[in-house]
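Participant: I need the structure of the sequence given here:
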Amino acid sequence: MDPLNSQPFFVLGSTSVSVVEGSDNSVALIGGVTLTDADDVRASAVISVIAPQEGDVLSVSDSQALGVSIATDGLSATVAITEFASLVDALQAISYASAANFTNPLSRNISVSVFDAGSRGQLPQGNASSTMEVVVHITPVNNAPVISGPVAPAQFTEGQLMPSDMFSEVNISDSDDVQLSAFVQLITSFPGDSLELSE
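Facilitator: Numbers count the residues shown, from 1 in each chain. Next comes the predicted model:
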């Protein structure tokens with residue numbers, strides 16, 4: 001009789017996490033893991049961003065200290081075959097961050113797949129897998145608009161309007177918005193000073 005290779009069974013402590021937008025803000029994807037397998041004691045894992053967006057980054061905290069080989073390309077991470085306890089530690093060392101200045105959609109789905117090693121030799125191919133997903137909810141940050149470029153010195157004759165081209169080389173940008181407003185104010189004013197909007 002040919003034995004069957006049982007799937008590894010694992011349960012994540014949480015299938016939903018939250019993080020604030022920005023490359024300096026990251027969140028551990030997996031807080032707790034229960035991992036069992038009826039016919040194996042070693043396993044590997046693959047963690048990947050489903051439908052990744054610009055700025056998505058998966059990172060690993062000090063895999064050398066864990067003693068586990070973890071390869072990552074920024075959008076996926078592969079944990080080499082190891083004992084269950086070490087695999088759990090490795091999974092808990094993987095974090096997600098959104099380096100983009102804006103995020104759309106405001107959530108990401110991360111797949112977590114565990115593959116057994118077939119180390120007891122039931123099947124030549126081994127590698128029966130089990131997969132779960134973690135949802136990352138991203139809180140966007142409203143970035144301030146940026147004004148750049150020189151302002152030309154304004155020279156004009158008393159009683160005449162100031163030239164309107166003094167702001168002609170000014171650039172205004174906003175990484176997460178396309179609708180802006182402006183407020184122009186005379187910081188130091190004298191009697192007779194006024195601001196007018198030209199056509």
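
Participant: shaky segments in this protein?
Facilitator: Applying pLDDT under 70 to the chain flags residues 1-3, 63, 102-104, 119-126, 151-152, 154, 162-166, 198-199.

Participant: how about 50 then?
Facilitator: Applying pLDDT under 50 to the chain flags the ranges 120-124.

Participant: Tell me where it has strands.
Facilitator: With DSSP state E as the criterion, the chain has strands at 9-12, 16-20, 27-28, 33-36, 42-50, 56-60, 70-72, 76-83, 94-98, 107-116, 129-139, 146-148, 171-173.

Participant: Which among the ones you listed is found nearest to residue 159?
Facilitator: Residue 159 lies closest to strand 146-148 among those, at 29.9 Å (CB to CB). Bear in mind the C-beta positions are built from the backbone N, C-alpha and C, glycine included.

Participant: Just checking: what are the partner strands of the closest one?
Facilitator: Strand 146-148 sits in its sheet next to strand 171-173 (antiparallel), going by DSSP bridges.

Participant: chain center to the partner strand, what's the gap?
Facilitator: Using CA atoms, centre = their mean, to the nearest Å, the mean C-alpha position of strand 171-173 is found 26 Å from that of the whole chain.

Participant: For it, buried residues please.
Facilitator: Neighbour counts over strand 171-173 (16 or more other CB atoms under 10 Å) mark no residue as buried.
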